[in-house]
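**Q** I would like to see how this sequence folds:
(chains A and B)
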Amino acid sequence: MILTDDETAIAAGGHGEGAAIALRLVAESGRLLGADGLVPVASAHIDGCLYHGDSGTEFAEFLVAKGARVTVPATLNVGALDLLRPGNVRLAGGRRNMALRLMRAYEALGCRSTWTCAPYQAGHRPDAGSDVAWGESNAVAFCNSVLGARTNRYGDFLDIACAIAGRAPRYGLHIAANRRATVRVDTSPLSDALKAREAFWPVLGAWLGRTVGEDIAVIDGLAAHATEDRMKALGAAAASTGAVALFHISGVTPEASTAEAILADQFATVTLTPADVRDSRALLSTASGDAVDAVAVGSPHFSLDEIIALEILLAGRRARVPIYLNTSRHVLGKVEREGRLAGLTGCGVVPIVDTCVVATPIMPAAGGVLMTNSGKFAFYAPGNTGYAVQFGSLADCVESAIAGRLVRDEAGWQ
Amino acid sequence: MRQALFPGDAEGEVLVLAAPLSFWGGVSWETGAITNVRHPQMGQVVTGRVLVIPEPVGSSSSSAVLLELIRSGRAPAAIVLGRPDAILVVACLVAREMGWPAPPIVLAPDFRGTVSGRARIVGGVLDYG
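**A** Numbers count the residues shown, from 1 in each chain, chains lettered A, B, ... in the order given. Purely as a prediction, here's the structure:
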């Protein structure tokens, strides 16, 4: 690990104590990771603002007290509170206060109050090939895969340290040679009709994460069907079931004009079969029977297009169970300005911004069955909320919410 | 090869993780207990143990869980990693900046089996059995 003269001076306190703490954290972590030096970053996305005990708040306030400021544009991931609709979150007393102080401390460090796990749909889209320091597993996967910018999975504390230092350890996915695919996924046994289903994409992601773990895959045969929101769902699911930080789709993602363009010299080929898809889909549900007590969509936070799709499927009908719509304040602002919000809430949609139903207590504590079209919600909801899960398409979620019981179209999955 | 990833000396009862475990979503930041219902050691407590993690995995928010355990005095006595991993070490680096005593972390890729009993970490070297 070789630091430049500038970096050595910052670590010694030349730019203040806050900057020195951050640079030391980045450099020490880099040394452990085997980095040979630091790389300047163009932006950061910070995942440390979700409350997990008072120590995180104390660290953020410590950085503020030491005069630290981010030196690159930095967006914030979800916090534990909905700052625009505070009544949505049941967190109480001292914890609520510390969760709020944590969010305010990150703002005081100079981060933008985006409060979203989909910063890439709230105006933060780094250039292909640029080095950045992002946290939040789905955002990392999207940033690397769909935008072609370069980041490792920067976890809590290292993310803000990189943003203050303006640098990250030079290792892993910052290095072009480490971004090549070592697994080639053949999807030719699957029908176009299946690939065209929105719900296929999180199912594919959940399979990919379990199958490749930390490895990098290039997936063939999806060029006709890939959209930004589908790749978002794929990456979020893959980063939940595995440690996927980067995937390629041949003919679609920026580094994979063809599979050959991004394949490593040595690679394994895996064929995805209809049976694999059925198994992966089944694993996303943990509930049996036809009970549904709530629906949650928007992990990652829903885009405007996804909200319009929800609106069209609802068609003005009133749901019997709440539909929690998790999105960013950026996207919900557009929904409001377009005059769409009243229609949605009139149908029983409960908008949640700045946080989500799996990150903080929002849904009734009594528990029950949660239906979702998100692979990430399906993975984390049982552990984080105590709710059992039914996975379905967005249309299945809407029809189930209206019926007040499970309604799921099984055609085309067999 | 044995290497101190975070310095310090410690002693405690060994707890070898029998399956991969993410601290975030897997260990309670309030009690130090293993809470992942799919984990074979569900209910065991990491506090005060020489925690051997042959296969570090998991959420990058695991740093936050370990930092909270350090602050509340519920951290493992020491952590032994089967391969280098920065996520838990970052929590110790942050604790050091905050002035909170943090457990040593050593790298011991050759640590195998179901060792029990007490172990010591002295000068970055793990001594057990």
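
**Q** all contacts plus neighbour counts: C-alpha atoms, from now on.
**A** OK.

**Q** Get me the contact residues on the stretch 51-200 of chain A for chain B.
**A** A:52-56, A:59, A:62, A:135-137, A:153-158 (CA under 8 Å from any CA of the partner chain).

**Q** Indicate each strand paired with the stretch of helix or strand residue B:80 belongs to and its parallel or antiparallel sense.
**A** Assigned by DSSP states H and E, residue B:80 falls within strand B:78-81. Taking DSSP bridges as the criterion, strand B:78-81 forms sheet pairs with strand B:50-53 (parallel), strand B:105-107 (parallel).

**Q** what's around the closest residue to chain A within chain B, how many residues?
**A** Closest residue of chain B to chain A, CA to the nearest CA: residue B:60 (4.1 Å). Residue neighbour count, defined by other CA atoms under 10 Å in any protein chain shown, stands at 27 for residue B:60.

**Q** One more: residue B:63?
**A** By other CA under 10 Å, 25 other residues sit near residue B:63.

**Q** what's near enough to touch it?
**A** Contacts for residue B:63 were tallied using CA atoms under 8 Å, 6 or more residues apart in numbering or on different chains; they are A:155, A:156, A:157, B:23, B:87, B:88, B:89, B:90, B:91.

**Q** same thing but at 10 Å, please
**A** For residue B:63, the contacting residues are A:48, A:56, A:155-158, B:23-24, B:86-92, B:94, by CA atoms under 10 Å, 6 or more residues apart in numbering or on different chains.

**Q** coming back round to it: ok, and which of the strands paired with strand B:78-81 has the densest surroundings?
**A** Mean neighbour count (mean count of other CA atoms under 10 Å in any protein chain shown) peaks for strand B:105-107 among the strands paired with strand B:78-81, with a mean of 27.

**Q** For residue A:58, see how far away the closest residue to chain B within the stretch 151-300 of chain A is.
**A** The nearest approach of the stretch 151-300 of chain A to chain B comes at residue A:155, 4.1 Å away (CA to the nearest CA). Going from residue A:155 to residue A:58 by CA to CA, to the nearest Å gives 17 Å.

**Q** Same check on residue A:229?
**A** For residue A:229, the distance to residue A:58 (CA to CA) stands at 36 Å.

**Q** how about residue A:34, what does it touch?
**A** A:1, A:169, A:170, A:171, A:172, B:84 are the contacts of residue A:34 under CA under 10 Å, 6+ apart.

**Q** how about the strands in the chain?
**A** Answering for chain A, as no chain was given. For chain A, applying DSSP state E gives strands covering A:38-40, A:44-46, A:74-76, A:133-134, A:167-169, A:181-186, A:217-219, A:247-249, A:263-271, A:294-302, A:323-327, A:349-353, A:369-372, A:388-391.

**Q** Let me rephrase: I mean chain B.
**A** Using DSSP E, strands in chain B cover B:3-6, B:10-16, B:50-53, B:78-81, B:105-107, B:118-122, B:125-128.

**Q** okay, these in CSV with distance to residue B:70 and mean pLDDT next?
**A** CSV is the format used below for the strands of chain B (distance: least, CA to CA, whole Å; pLDDT from 0 to 100):
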stretch, distance to residue B:70, mean pLDDT
strand B:3-6, 14, 87
strand B:10-16, 14, 94
strand B:50-53, 14, 93
strand B:78-81, 11, 94
strand B:105-107, 13, 93
strand B:118-122, 18, 89
strand B:125-128, 21, 77
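
**Q** neighbours around residue 110, how many?
**A** Here I'm looking at chain A. 19.

**Q** actually it's chain B I care about, not the one you picked
**A** 12.
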